[in-house]
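# Just a sequence and a predicted model for now, questions to come.
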Amino acid sequence: MSNTGMTVQQAIDEAHRCMLCHDAPCSVACPGGTDPARFIRQIRFYNFKGAARTVLGNNPLGEVCAFVCPTEESCVGACLRAGLDRPIDIDGLQAFAAAYGRRVGLKAMQPGPEKGQQVAVVGAGPAGLAAAAKLVQYGYAVTVFEARPDLGGMLRYGVPRARLPIAVLEADLANIRDLGVTFRPSAPIEGENGALRLLDEGFAAVFVAPGLWKPYRLDLPGMDAKGVSTAIEFLATGLTDPHAAANLVRDRNVAVIGGGSVAMDVAHTAKLLGANRIYSIALESMTELPAAEREFDSALAEGVIFKPQCQVTRVLVEDGAVSGVEGVETEWIEPGKLVPSNARPIEGTFFRLRVGAVILSIGQGLTQAAGMMAAAAGKAGAMVSVDPETQATKVERIFAGGDFSRGAGTVVDAVGDGKRAAAAIHEFLTSKGVSA
Ligand SMILES: Cc1cc2nc3c(=O)[nH]c(=O)nc-3n(C[C@H](O)[C@H](O)[C@H](O)COP(=O)(O)OP(=O)(O)OC[C@H]3O[C@@H](n4cnc5c(N)ncnc54)[C@H](O)[C@@H]3O)c2cc1C
Ligand code: SF4
């Protein structure tokens, strides 16, 4: 991935490597419908404005996605040029096109003719933002209710700035604001009937996308000691109050419990804030770790010490604060079944590490407010159940998407959900003639 800024000549040269494939697999593979084949062709023919229009018009978070998408699993992973030498640098070209659009003040999205109906969106993360932008383009008046003081969801409070510069997020947000979306920050929707209440208040439909913000914890001795934190709390503090986050880890050894991409972000942030030795302790083996390859590679390069197939059994506490962790090595009872209940300790493998901070990075679930909305909208298992074609829940006029309905996913998946829901809401309100 190269998003450090291509020159015009580099962009043209890279676009010339594209084979202009029929039924381009790169475009088919994008869950957000960004259409790489089209913008690459436009760059190749010096139509930079057209390329910017394709990126930013198709995907309301088009510039953000150029920086955060795990493209090796989507467009770049599908690129046929890889069969000849190496895939096209789609992220680099996307960032180039979006930055061009920003420089020339391009308005790639326009509000549609007013429909006289209001739609509510719960959550200003990628799913909610994409839905809001698309709904305004269909002509609806959209109000986004956001629990936190600022917009962007995990993009603002979770993803490290080294991966997503704040200016890039602000650029996409400015385009969405300019469309005329009404944002209500610090306005959580709560209670069992939170989403239904919005219908009663006159909204013709509601799109619910509050994400996953309740960090999972472990029930172990010492977990309430000073110095134990969770990934979401630590990363959000690191982004909004770096001094407070630094106080937790500076000059200390840190045990990050977990081996996924979020754990790698925690390790990176702890390093940046002055931590000494950083351990990533996970139940998986080195080849099973769930972290994306590039995040795992950067963690290795930053000197993170991996303790694979290990389990922390106790947090050691001195004077109320973390002083270490104890644990054991583990093995899978049934090979290939990577769930905590399938891990068993191996006798005689006890270990103890001196650490001054423990950061749990073992996933997130629904907060109480989100859980109540999920229950009201028809919860199946841990998440709310939706029709994958339309994002419709079991409750008429309530749609849902993003991490709230699919579990921990990616930004572009959430964007895809938001766009799909907006189209389905439009279709529903048009065909039913529902009036607010
Ligand atoms: C640390 C971290 C790094 C990540 N890095 C990447 C990456 O590099 N690339 C990638 O593709 N994906 C990444 N992801 C995943 C990605 O951020 C999520 O999949 C995506 O943000 C989900 O979007 P969403 O809109 O469903 O939810 P969120 O982004 O979680 O947004 C939900 C919004 O709803 C708000 N909300 C919650 N409850 C309520 C309520 N009751 N009322 C009103 N508002 C509410 C929240 O405050 C939040 O703003 C990362 C995730 C984390 C945690
Ligand atoms: S798959 Fe690769 S080579 Fe083919 S159109 Fe897409 S970017 Fe170009």
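Nice, thanks for sending it over. Ligands and ions are numbered 1, 2, ... in the order given.

# and residue 353, what is it in contact with?
Residue 353 sits next to 253, 255, 279, 324, 325, 327 when contact means Cβ atoms under 8 Å, 6 or more residues apart in numbering. The C-beta positions use only the backbone N, C-alpha and C, and glycine is treated the same way.

# For the stretch 151-300 of the chain, which segments are assigned as helices?
154-157, 166-178, 194-200, 231-240, 242-249, 261-272, 293-301 (DSSP state H, counting those that start in this stretch).

# Out of those, which is the most enclosed?
helix 261-272 (a mean of 25; mean count of other Cβ atoms under 10 Å).

# Any part of that helix near ligand 1?
Yes. Counting by Cβ under 6 Å from any ligand atom, contacts between helix 261-272 and ligand 1 involve 262, 265.

# ok, now stretch 124-142?
Yes. Counting by Cβ under 6 Å from any ligand atom, ligand 1 has neighbours in stretch 124-142: 124, 125, 126, 127, 128.

# try stretch 403-415
Yes. Using Cβ under 6 Å from any ligand atom, stretch 403-415 reaches ligand 1 at 403, 404, 409, 410, 411, 412, 414.

# what's the distance between the fifth one and ligand 2?
Per Cβ to the nearest ligand atom, to the nearest Å, residue 411 is found 20 Å from ligand 2.

# What is the neighbour count of that residue?
For residue 411, the count of nearby residues is 27 (other Cβ atoms under 10 Å).

# residues in contact with the closest residue to it other than its chain neighbours?
Of all residues not flanking residue 411 in the chain, residue 126 sits nearest, at 4.7 Å (Cβ to Cβ, 6 or more residues apart in numbering). Neighbouring residues of residue 126 by Cβ under 8 Å, 6+ apart: 61, 64, 153, 154, 155, 402, 411, 412, 414, 415, 418.

# So which of the residues you listed sit within strands?
Among those, none falls in strands (DSSP state E).

# For my notes, please list those in JSON lines and give pLDDT and distance to residue 305 for each entry.
Below are the contacts of residue 126 laid out as JSON lines (pLDDT from 0 to 100; distance: Cβ to Cβ, whole Å):
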{"residue": "61", "pLDDT": "98", "distance to residue 305": "35"}
{"residue": "64", "pLDDT": "98", "distance to residue 305": "32"}
{"residue": "153", "pLDDT": "98", "distance to residue 305": "31"}
{"residue": "154", "pLDDT": "98", "distance to residue 305": "27"}
{"residue": "155", "pLDDT": "98", "distance to residue 305": "29"}
{"residue": "402", "pLDDT": "97", "distance to residue 305": "34"}
{"residue": "411", "pLDDT": "98", "distance to residue 305": "29"}
{"residue": "412", "pLDDT": "97", "distance to residue 305": "32"}
{"residue": "414", "pLDDT": "98", "distance to residue 305": "33"}
{"residue": "415", "pLDDT": "98", "distance to residue 305": "36"}
{"residue": "418", "pLDDT": "98", "distance to residue 305": "39"}
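
# Just the ones of those residues in helices?
Using DSSP state H, the subset of those located in helices is 64, 154, 155, 411, 412, 414, 415, 418.

# Identify, from those, the entry nearest to ligand 2.
residue 412 (16.0 Å; Cβ to the nearest ligand atom).

# from what I can see that closest one touches residue 31, true?
Yes. Assessed by Cβ atoms under 8 Å, residue 412 is found in contact with residue 31 at 5.1 Å.

# hmm, back to that, quick check: the farthest pair among the ones in helices among the contacts of residue 126?
Farthest apart among these by Cβ to Cβ are 154 and 418. That separation is 14.0 Å.

# Most neighbours out of the residues of stretch 124-142 next to ligand 1, which is it?
Within those, residue 127 tops the neighbour count with 37 neighbours, counted by other Cβ under 10 Å.

# how much space between that residue and residue 8?
From residue 127 over to residue 8 the distance is 34 Å, taken as Cβ to Cβ, to the nearest Å.

# And residue 131, by the same measure?
Taken as Cβ to Cβ, the span from residue 131 to residue 8 is 34 Å.

# Comparing those two, which residue is more hemmed in?
Using other Cβ under 10 Å as the criterion, residue 131 and residue 8 rank with residue 131 on top: 35 against 12.

# one step back: of all the helices of the stretch 151-300 of the chain, which one is nearest residue 424?
Nearest of the helices of the stretch 151-300 of the chain (Cβ to Cβ): helix 194-200, 15.8 Å.
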